[in-house]
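*Asks:* Build me a structure from this.
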Amino acid sequence: MVTANLPPFARVGQQIDITVSSMGNAKSLRGGTLLMTPLKGADGQIYAQAQGNLLVAGAGAAAAGSKVVVNHLLAGRVVGGATVEREVPTALGQGAFIHYEMATTDFGTTQRVVEVINREIGPGTAQAVDGRLIRVLAPEEANSRVAFLGRVESLEVRPTQTVAKVIINPRTGSVVMNQTVTIDSCAVAHGNLSVIINSEQKVSQPNALAGGQTVTTTQSEIEVKQGGGALIQLKAGVSLAEVVKAINALGAGPQDLLSILQSMKAAGALRADLEII
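*Replies:* Got it, this is the predicted structure:
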């Protein structure tokens, strides 16, 4: 499978990067070469032709039934491996307005962008349509429009303070918190409870003259271990660095951290939106 992203304003003859992935029973693409492959869009038209030597970041070795693999061997890239053959028309030079779409919906940052454009270029130049879209009056002549876009692009805008958010991925155990996360006063205790079950097969062998039968029995040993719990107090309004330091002081691993943050949110001590992906 060969995929690529056609960038805006791509011209015929321009080279773009491609990604090659195996969909069959191949064991490794390392050192492989992609033959001439047409790249089609959703409309079935061919937009580029791809070929070239694969660059695979993974490595692996196998012998006598053992196998060691580092990273992925079934996916690679070809830098500049596709040549554009069909252009996608753009509407940059059409109409009197240019629309800027923010990466995320933020009314505060959108309003600041409008204020900066109107202050630096002229009143009434920019207008906020909603919290994500900005409509800007631009020159219609091609050269003037390109110069205008370059001027707007160079303007500096200070974004508003982001919403405090904690992102949790329970599948990988990763936790990401932004800078605005704070907490209220609370106490956190952490302890580990582990159950160890060992099963051992034992054979009961009767004496030679006893006339009995050999019997195999399973003997299980169950051991319960409880780690030493710790109780710490967190002050209100502490910064993200202090929150992480305090939780690490408990000896909590990534999975334990997920439970601690969810419990703090349930107790109302975590001043942030908790999002599980």
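*Asks:* Tell me the bridge partners for residue 76.
*Replies:* Residue 76 forms beta bridges with residue 20, as assigned by DSSP bridges.
*Asks:* if I look at it, how far off is residue 29?
*Replies:* 5 Å (Cβ to Cβ, to the nearest Å). Backbone N, C-alpha and C define where each C-beta goes, glycine included.
*Asks:* shared neighbours of these two, which are they?
*Replies:* Taking Cβ atoms under 8 Å, 6 or more residues apart in numbering as the contact rule, residue 76 and residue 29 both touch 20, 54, 56.
*Asks:* top of the residues you listed by neighbour count?
*Replies:* residue 20 (24 neighbours; other Cβ atoms under 10 Å).
*Asks:* In contact with it, which residues are there?
*Replies:* Contact partners of residue 20, counting by Cβ under 8 Å, 6+ apart, are 1-2, 29, 32, 34, 54, 75-78.
*Asks:* Lowest-confidence entry in those?
*Replies:* Minimum pLDDT for the contacts of residue 20 is recorded at residue 29 (84).
*Asks:* which SSE is residue 104 in?
*Replies:* Assigned by DSSP states H and E, residue 104 belongs to no helix or strand.
*Asks:* quick one: the closest residue to it other than its chain neighbours from residue 8, how far?
*Replies:* Nearest residue to residue 104, sequence neighbours excluded (Cβ to Cβ, 6 or more residues apart in numbering): residue 132, at 7.7 Å. From residue 132 over to residue 8 the distance is 19 Å, taken as Cβ to Cβ.
*Asks:* likewise residue 80?
*Replies:* On the measure of Cβ to Cβ, residue 80 and residue 8 end up 18 Å apart.
*Asks:* And these two? Which one has more around it.
*Replies:* Between residue 80 and residue 8, counted using other Cβ under 10 Å, residue 80 has the larger neighbour count: 11 against 7.
*Asks:* contacting residues for residue 116?
*Replies:* Residue 116 neighbours (Cβ under 8 Å, 6+ apart): 155-157.
*Asks:* Closest one of the residues you listed to residue 103?
*Replies:* Nearest to residue 103 among the contacts of residue 116 is residue 157, at 12.6 Å by Cβ to Cβ.
*Asks:* which ones are touching the closest one?
*Replies:* Applying Cβ under 8 Å, 6+ apart, the residues contacting residue 157 are 109, 112-113, 116.
*Asks:* Let's see that with 7 Å instead.
*Replies:* 112-113, 116 (Cβ atoms under 7 Å, 6 or more residues apart in numbering).
*Asks:* Restricted to strands, list those residues.
*Replies:* Among the contacts of residue 157, none falls in strands (DSSP state E).
*Asks:* In three-state terms, how would residue 57 be classified?
*Replies:* coil (DSSP: H, G, I helix; E, B strand; the rest coil).
*Asks:* count of neighbours near it?
*Replies:* 12.
*Asks:* can you offset everything so residue one is 36?
*Replies:* In the new numbering, first residue 36, that becomes residue 92.
*Asks:* How much space separates it from residue 38?
*Replies:* From residue 92 to residue 38 the distance is 17 Å (Cβ to Cβ).
*Asks:* What of residue 88?
*Replies:* In terms of Cβ to Cβ, residue 88 sits 17 Å off from residue 38.
*Asks:* between residue 111 and residue 64, which one's more packed in?
*Replies:* Taking other Cβ under 10 Å, residue 111 and residue 64 do not tie; residue 111 has more neighbours (23 against 20).
*Asks:* quick one, what contacts that one?
*Replies:* Applying Cβ under 7 Å, 6+ apart, the residues contacting residue 111 are 55, 64, 89-91.
*Asks:* Repeat that for residue 174.
*Replies:* Shown in contact with residue 174 (Cβ under 7 Å, 6+ apart): 180, 183.
*Asks:* I'd guess it is in a strand, am I close?
*Replies:* No: looking at residue 174 with three-state DSSP, it is coil, so not inside a strand.
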